[in-house]
Structure formats: C-alpha cells, structure tokens
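A.B. asks: Okay, predicted coordinates and the sequence, questions at the end:
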Amino acid sequence: MSLLERIRIIPLTVRVPAMVALLMMVVSLIISERVLNRLNDMQEQHLNGVAGTYFDGLSTVLIPAVLRQDVWETYDLLDRTRTMFQAVSPIETVVIGRDGLVLASSDPRKIPVLSALPDAFSDRNASGDIRIDWQSDTGFGTRPLIYQGKTIGTVHASFDISHLVAERYQVLKTLLATNALLALVFAATGYVLTRRMVKPVTTLAQHMRASATGTPNTIPLAEFPRRNGELGDLFHGFNALVEAERERSALTRRLAEEEKLASLGRLASSMAHEINNPLGGLFNSIDTLKQHGANEAVRGTSLSLLERGLAGIRDVVQAALATYRPDSTGRPLVLKDLDDVRLLAGPVVAGRKQTLTWMSNTADIVLPVLSGSTVRQALLNLVLNASAAAGNNGSISVEMRIEDDHSTLILSVSDSGPGLPDAAARVLVSSEPWPAAQSAGGLGLWMVRKMVEDARGHIQLRRSEDRRTIIELHLPISLPGEETSHAA
C-alpha cells in the first residue's frame, strides 16, 4: 500500500487536525525565520553603534600617543578606558602602529609589543567592519587611526556578545513555545470542529448502510443537524427517498396481490367453465345407465363417456394444482408444463370461439435451469392476453422451439387482434415502474417481464408478414459449462 493510500484511509477527523497542525508548523517556521533574521539585523546594528562609540572614544585619545609611538602611554590609555566602556564589554583591544607591528594591547602577555598581529585575528577583521561570530559569542571590529588624512595606525577590538546570544536564544525559545501552543490549540479546535461537521455525514452513512442490509428507516428529527443548510437538505432528501421507497414497495405488493387475485379469479372461472361443460353429459350418461343399464352396448358407451369426462376434469384440476402449488423444490421445466397452459386456457378460448394453434418442435425435455412454474405462468399470461386481444372468432398461435445449439428455448405468442399498443410494448421491453404499467393496462405483461427476468431471459417483439404482433420469450436452458439434459 502506497503512502498516499495509507493517508486516504485515515479518518477525516484525524487528517484535518493533522493538516492544520502541519500548516501551522510551516507558518511558524517562516515567521520564526523572519523574526530571527530581523533580530539579527537589529543586534548587528546595535553592536555597530556601540562599537562605533567605543572606537570613536579610543581614536580621540590614542592618536597623540600613536604619533609619538609611545607604548606605555598607549597601554595606559587602553587600561584606563576599559572601565569607561564596560557597557561595550570589550574582551581584547590591540593597537597597531604605522609599521604594522603591535604598539600596545590590553593583554601584553598574550600579544606582546612589537609582535605581528596574529593571522587569525587579522583575517577576521580584513573587511574593516563589525563582524559577529555567533559560535564563539564574540564580535570583532577594526578602526583605522587617521591624522591629517593619513593612516598612522589601526585599532583592533573584540567584544563579548553573550548577552545578544542569550537574547536570541530566549526569543527562539519563546517563538517555539508559542508556535507549539498555537499549533496544539488549532489542531484541537480543528478536531472538535471536524467532528461536529462530520457527525451528520457519519449519521447519514450509518442509516444508508442499515438501509442497504434491511428495510430502510427514516432518520429521526433528533439526529438532524442543529442548523438547516446543505446537510439538513440532505437529511430531508434521504427521508423523502425512504418514504418514496416505502410507498413504492407497498404499491408493488398491493398490485401484485391484486394481480394474483385477478389471475386466480380468471382461472377459477375458466376451471368452472371447463368442469361445468362435461357435467351435463356426465349426468346424461348416469341417467342413461339408470334407464338402460341392462343394455351392454348402452352401458359400455355411457361408461366410456363418463371415463373421458372425469379424466378431463381430473386433468384440469391437476394442472391448476401444479400451477399454484408452492414450488419450494425449484422443480425444473418439462414439456408437460407448457401443455398445461393449453389445457388451462382452453375454456377461455372455447368460450370466445377462437382457434388455438399449438406448434412445437421439442421432445419431452427436462430443463433444470428453468423453473417450471415460472415459465408456465408467463406463457399462460401471454395466451390469456392474446385471447382477450383477438376477440370473438379470432385466432391465437403459440410456438415452442429450441435454437442456438440447444441453448435457448423460444416461446412465441401471436394473435389476430389489432396489434400490441405502444404503451403495452414498453411494459414488456423496457423497465417502466408499476404506475406506468398500471396506467397502460399491462399489469399482466409487467408480471411476464418479471418472470422472464427471473429466468435470466429476455423478450423480443416483432411483426409478421400479416402485421401480427409476435411476442417471443427467449429463455436460456443452459449455463456456461453446463449441458442440457434431454429425456425421451
């Protein structure tokens, strides 16, 4: 993990105070550097002024003695003026004669008379200005002795500047302590302010995570920011979104329940019609048996009619039970599931005197990837809608085929009606919400689309040569790496 990535994972409540403290340290360094430079300039100016006063006083009294090359008088003057200029804190003073040799010094034992000025002492004063050596707490200065425009000697002096160094140290220590205290105060203030700013965002994030893992809940007013603003608008927006989602979910459940009840009502009436049709013939057969049961031919004919009628009723009941029994085992799709659709829709088609064409090029297959109840219900809804669109004496066509090297099951439904309206077509092939589906009158079509999506398939719409609308359900019957199981 790179340094930048490590910094990004640090909480914002830590990053912001750290950045504030770092910024304060940078500003403190810049300010401290400027203050110390200014202090250095002021101290040098002060030292130049004091040393200039010292050199002015010495020059006035030393010129006569230097002109006479009087060593003792020069030394006496240096010794007497030391007490006069204690405020300057001279450490060592050396007078050089016109011959360049030492005429007198404040410490004759260290620098004897008529000796050459030490090279190190001379190098430090080569420029002739007051120079400061902060390492040794010493300042150095040089003043030529001029009489009638001629240089008759030179005065070299060193000064104790330890008080200036102590002043610099005291200022530096004060700056560091002040800047450290300010950085700490700013960091603590930044931490408190950042926590207050981030707290609403943290609260919102917690509610969003909770909503993602369960039922979304609105944020209580007690957790709202104290002041209205962008964050307050964000909280209100989140609550409005949660309320809208709750209403949408409730509407979806209610519409699904209504569609379920409507489908059950249609199928119940269809079953009643399918069962009621053969009942009259069955009762007639029973009456015939009662009256002519002794006749073997009549008895055989009547029993055969009874057997076929009861078998038809049994098939209708079994198909309905298979359709609406909870499919907890995820039973795979078999060809008989599709044949049940023809049986269940038969009464509706017959009641409208319609023609139902049922075409299939499939064997008795078993498709483990698809759910039998889901596909059967989707096809049944399409057939019932096609019957309603075709009207009396219309025609309905249902075709089942397997294409794409046995990887796709295609179920197509068409009718002789005026064609599928654009609003209903959008329900099938788009992602319109429940209200749009309801306004288009295509709630059953919306359920078809959901069932096909659950089976990982898709829907295609096309027009035939005679302008019929053909609805095709493309359902995958195998996944990558899987093979379709066929059973004859």
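C.D. replies: Cool, got the structure.
A.B. asks: for P144, phi and psi?
C.D. replies: Main-chain torsions, P144, degrees, to the nearest 10: phi -70, psi 150.
A.B. asks: Per-residue pLDDT of it, please?
C.D. replies: Among the per-residue scores, P144 holds a pLDDT of 88.
A.B. asks: which helix is the longest one in the protein?
C.D. replies: Among the segments of the chain that qualify as a helix by DSSP state H, the longest is helix 230-292.
A.B. asks: From L445, how far off is the spatially closest residue to R449 that is not a sequence neighbour?
C.D. replies: Spatially, and ignoring its direct neighbours in sequence, R449 is nearest to L428 (5.5 Å; Cβ to Cβ, 6 or more residues apart in numbering). All C-beta spots, glycine's among them, are computed from the backbone N, C-alpha and C. L428 sits at a distance of 5 Å from L445 (criterion: Cβ to Cβ, to the nearest Å).
A.B. asks: So which of those two has more stuff around it?
C.D. replies: L445 (24 against 21; other Cβ atoms under 10 Å).
A.B. asks: Next one: the more buried one from Y54, what distance?
C.D. replies: L445 is 109 Å from Y54, by Cβ to Cβ.
A.B. asks: Contacts for the helix or strand containing V102 next, please.
C.D. replies: For V102, the host element (DSSP states H and E) is strand 102-105. Outside strand 102-105, the residues within contact range by Cβ atoms under 8 Å, 6 or more residues apart in numbering are 66, 69, 71, 74-75, 78, 92-97, 111-117, 153.
A.B. asks: Alpha carbons of it, in PDB - could you do that?
C.D. replies: Once non-C-alpha atoms are left out, strand 102-105 reads as follows in PDB (Å, rounded to 0.1, in the frame of the first residue of the first chain):
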ATOM      1  CA  VAL A 102      51.700  45.700  17.800                       C
ATOM      2  CA  LEU A 103      52.200  49.000  19.600                       C
ATOM      3  CA  ALA A 104      50.200  48.000  22.600                       C
ATOM      4  CA  SER A 105      47.500  45.600  23.600                       C
END
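A.B. asks: Can you list the residue ranges for helices in the chain?
C.D. replies: 3-8, 12-68, 71-84, 119-124, 162-213, 230-292, 296-324, 335-351, 372-390, 422-429, 434-439, 443-454.
A.B. asks: Just the C-alphas of the last one, formatted as CSV.
C.D. replies: When you say that, I think you mean helix 443-454. Coordinates of the C-alpha atoms in helix 443-454 are reproduced here as CSV (Å, rounded to 0.1, in the frame of the first residue of the first chain):
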residue,chain,number,x,y,z
LEU,A,443,-50.1,-5.3,-15.3
GLY,A,444,-50.1,-8.9,-16.5
LEU,A,445,-47.4,-8.0,-19.1
TRP,A,446,-45.3,-6.5,-16.3
MET,A,447,-45.6,-9.8,-14.4
VAL,A,448,-44.5,-11.6,-17.6
ARG,A,449,-41.4,-9.4,-17.9
LYS,A,450,-40.5,-10.0,-14.2
MET,A,451,-40.9,-13.8,-14.6
VAL,A,452,-38.7,-13.8,-17.7
GLU,A,453,-36.1,-11.7,-15.9
ASP,A,454,-36.2,-14.2,-13.0
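A.B. asks: who's in contact with it?
C.D. replies: Applying Cβ under 8 Å, 6+ apart, the external contacts of helix 443-454 come out as 255-256, 258-259, 263, 371, 374-375, 377-378, 381-382, 384-385, 424, 427-429, 432, 434, 437, 458-459, 473, 475.
A.B. asks: Can you check the pLDDT for P368?
C.D. replies: You'll see P368 listed with a pLDDT of 62.
A.B. asks: let's have the chain start at 783 instead
C.D. replies: Done: numbering now begins at 783, and the last item shifts to P1150.
A.B. asks: Buried by neighbour count: which residues of stretch 1070-1082 qualify?
C.D. replies: Counting neighbours by 16 or more other Cβ atoms under 10 Å, one finds that the buried residues in stretch 1070-1082 are 1070-1071.
A.B. asks: do the same with stretch 960-971
C.D. replies: 961, 965, 968-969.
A.B. asks: any chance of the residues you listed in CSV, plus distance to F1065 and pLDDT?
C.D. replies: What follows is those, written out as CSV (distance: Cβ to Cβ, whole Å; pLDDT from 0 to 100):
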residue, distance to F1065, pLDDT
N961, 108, 83
A965, 102, 81
F968, 99, 80
A969, 96, 80
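A.B. asks: Roughly how far does the closest residue in space to A898 that isn't next to it in sequence sit from D838?
C.D. replies: In space, and not counting its chain neighbours, A898 is closest to L883: 6.3 Å by Cβ to Cβ, 6+ apart. Counting by Cβ to Cβ, the gap from L883 to D838 is 24 Å.
A.B. asks: how far away is the residue nearest in space to the middle of the chain from M824?
C.D. replies: What sits nearest the mean C-alpha location of the chain, by Cα atoms, centre = their mean, is A987, with 10.8 Å. Going from A987 to M824 by Cβ to Cβ gives 56 Å.
A.B. asks: Check Q1136 too.
C.D. replies: Counting by Cβ to Cβ, the gap from Q1136 to M824 is 110 Å.
A.B. asks: Those two - which one has more neighbours?
C.D. replies: More crowded of Q1136 and M824, by other Cβ under 10 Å: Q1136, with 20 against 12.
A.B. asks: Now do the nearest residue to that one once chain neighbours are set aside, the pLDDT please.
C.D. replies: Closest residue in space to Q1136, ignoring its immediate chain neighbours: G1176 at 5.1 Å, by Cβ to Cβ, 6+ apart. At G1176, the model reports a pLDDT of 91.
A.B. asks: Check P1200 too.
C.D. replies: P1200 is given a pLDDT of 85.
A.B. asks: Report the contact partners of it.
C.D. replies: P1200 makes contact with A1171 under the criterion Cβ under 8 Å, 6+ apart.
A.B. asks: same thing but 10 Å
C.D. replies: Shown in contact with P1200 (Cβ atoms under 10 Å, 6 or more residues apart in numbering): 1171-1173, 1249-1251.
A.B. asks: can you redo these as a markdown table with neighbour count and distance to F1020?
C.D. replies: Below are those laid out as a markdown table (neighbours: other Cβ atoms under 10 Å; distance: Cβ to Cβ, whole Å):
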| residue | neighbour count | distance to F1020 |
| --- | --- | --- |
| A1171 | 19 | 44 |
| A1172 | 23 | 49 |
| G1173 | 14 | 50 |
| R1249 | 8 | 50 |
| R1250 | 18 | 49 |
| T1251 | 20 | 43 |
